[in-house]
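Q: Here is a sequence together with a model predicted from it:
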Amino acid sequence: MKWINYISDNTNFDITWAFLKSSTYKLDRDLNYIDLSKNAFINYFRLIFILITNKNLIVHLHYVGFHSLFLIFLNGNAKLITNTWGSDLVFGRHNYLRKNWLKFIISRSNLVSSDAYHHFDFLKKYNLKKRNFVYIPYGTDTNFFKPIKECFSGKNIQIINIRGLDEVYDAKTFILAAKTILKDYPNLVFKLAGLGSQEKLLKDLVRKINKEKNIIFLGFISQKELVDELNHSDIYVSCSLRDGGIAASTSEAMACERITVISNNSDNSKWIQHKENGYLFENSNIEELVNIIKEILNNKEKAIMTAKKARATIIANNFYPKQMKKVIGIYKKLS
């Protein structure tokens, strides 16, 4: 939605957004949109009509999911850009129909874009040429996500995980690390934001270890609340077992100049240099995560410097308008 509104505000492109699930994001008032979850017959026909008849069309597909089936109706003159998100490549990759559909989408695409370098290693198996792959991180608005105060300047030291409560985000490792750390630092506060399929299991775990006062579940939070929670936190932790490119929440925490500790997988080591602008630990390695957090707590001044370098990294390499200009350049080239 950020991409769509930016391009609508900064170009003369006539934009139509088609989606299957209703969004709570604020739409640009000049934007045309087709909500495929409502009035299905009429809106399906509207989208199919555009795909068949508009010869000067550029279609930007985000995520190779069920909605991509509409591209069966895409006319031969239209240009297609496909954005892979990661889970659309991993889930169902052993399914014969899904594999062949992905192969069709890749062959039909004029360009494939991703925020993850390693996606190309997967997609080249589908005969994607390097010249047709473009790396574009999704971008962070560093004017919105910015530091309000320095780490460790509040009354309580707070450590936050905002990745969500699904299994892939491995919040269990965060909670078990907290259990160990609290033995030596009983006044720390650990916060988990977001929802997910493991919410009950994780809350039961916190009750079982009797740490409800120290480990707090925030539930779903808005973007404004997210900025506040990050700035009231000192350390950001992501235990995700896999990522696409840099996770949006990780980039946002870095932009807020928080001390960043993330699992070392996917492209994460391209963004975080261990002990320089953040910290890396092995997937699900509770002991390593504990040791890193204790090291941070015992060397606060050094850790604060990594947080300052983290924000500088995002400004240099993941500034939102800079990424959007790359996308607009692609659109103009294909027009």
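A: All right, it came through fine. Residues are numbered from 1 along each chain as shown.

Q: shaky segments in the stretch 51-200 of the chain?
A: Across the stretch 51-200 of the chain, the ranges flagged by pLDDT under 70 are 92-93.

Q: how about the helices of it, start to end?
A: 87-90, 96-108, 118-123, 171-184, 199-208 (DSSP state H, counting those that start in this stretch).

Q: Okay, strands next: where are they in the stretch 1-150 of the chain?
A: 16-19, 32-35, 58-62, 79-84, 111-114, 133-135 (DSSP state E, counting those that start in this stretch).

Q: Distance from the chain centre to the first one, please.
A: Taking Cα atoms, centre = their mean, to the nearest Å, the mean C-alpha location of strand 16-19 is offset from the chain mean by 20 Å.

Q: what are the pairing partners of that strand, and which direction each?
A: strand 32-35 (parallel) (DSSP bridges).

Q: send the alpha carbons of the partner strand over as PDB?
A: Only the C-alpha atoms of strand 32-35 are listed here, as PDB (Å, rounded to 0.1, in the frame of the first residue of the first chain):
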ATOM      1  CA  ASN A  32      -8.900   3.200  -8.500                       C
ATOM      2  CA  TYR A  33      -9.300  -0.100  -6.700                       C
ATOM      3  CA  ILE A  34     -11.100  -3.400  -7.200                       C
ATOM      4  CA  ASP A  35     -12.000  -5.200  -4.000                       C
END
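
Q: pLDDT averaged over that strand, what's the number?
A: The pLDDT scores in strand 32-35 average 89.

Q: Tell me the helices and strands packed up against the longest helix anywhere in the chain.
A: Criterion DSSP state H: the longest helix present in the chain is helix 300-317. For helix 300-317, the packing partners by 3 or more Cβ pairs under 8 Å, 6 or more residues apart in numbering; DSSP states H and E come out as helix 248-255, strand 259-263. Using the backbone N, CA and C atoms, a C-beta is placed for each residue, glycine as well.

Q: Look up how far Ser335 lies from Thr306.
A: In this view, Thr306 and Ser335 are 43 Å apart by Cβ to Cβ, to the nearest Å.

Q: now the longest helix of the chain, how far from the centre of its chain.
A: Helix 300-317 sits 20 Å away from the centroid of its parent chain (Cα atoms, centre = their mean).

Q: which of the residues in that helix are buried?
A: The neighbour-count check on helix 300-317 (16 or more other Cβ atoms under 10 Å) flags Ala303, Ile304, Thr306, Ala307, Lys309, Ala310, Arg311, Thr313, Ile314, Asn317 as buried.

Q: and what of stretch 238-251?
A: Residues of stretch 238-251 classed as buried: 238-240, 242-251 (neighbour count, 16+ other Cβ under 10 Å).

Q: How about stretch 192-201?
A: Buried residues in stretch 192-201 (16+ other Cβ under 10 Å): Leu192, Ala193, Gly194, Gly196, Gln198, Glu199.

Q: Between which two of those is the distance greatest?
A: Ala193 and Gln198 (14.1 Å; Cβ to Cβ).

Q: Okay, and Val227 sits in which element?
A: Secondary structure assigned from DSSP states H and E places Val227 in helix 223-231.

Q: what's the closest non-adjacent residue to the residue of the chain positioned farthest from its centre?
A: Going by Cα atoms, centre = their mean, the residue of the chain most distant from its centre is Thr53, 34.1 Å out. Among residues not flanking Thr53 along the chain, Asn75 sits closest, at 7.2 Å (Cβ to Cβ, 6 or more residues apart in numbering).

Q: State the distance from the one you found to Asn56.
A: As for Asn75, its distance to Asn56 is 10 Å (criterion: Cβ to Cβ).

Q: between those two, which one's more packed in?
A: Counted by other Cβ atoms under 10 Å, Asn75 and Asn56 do not tie: Asn75 has more neighbours, with 12 against 9.

Q: need the contact list for that one.
A: Residues near Asn75 by Cβ atoms under 8 Å, 6 or more residues apart in numbering: Leu51, Ile52, Thr53, Asn54, Lys55, Leu57.

Q: Quick one: the helices and strands packed on helix 300-317 as TSV, columns for mean pLDDT too.
A: Converted to TSV, the helices and strands packed on helix 300-317 look like this (pLDDT from 0 to 100):
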stretch	mean pLDDT
helix 248-255	97
strand 259-263	98
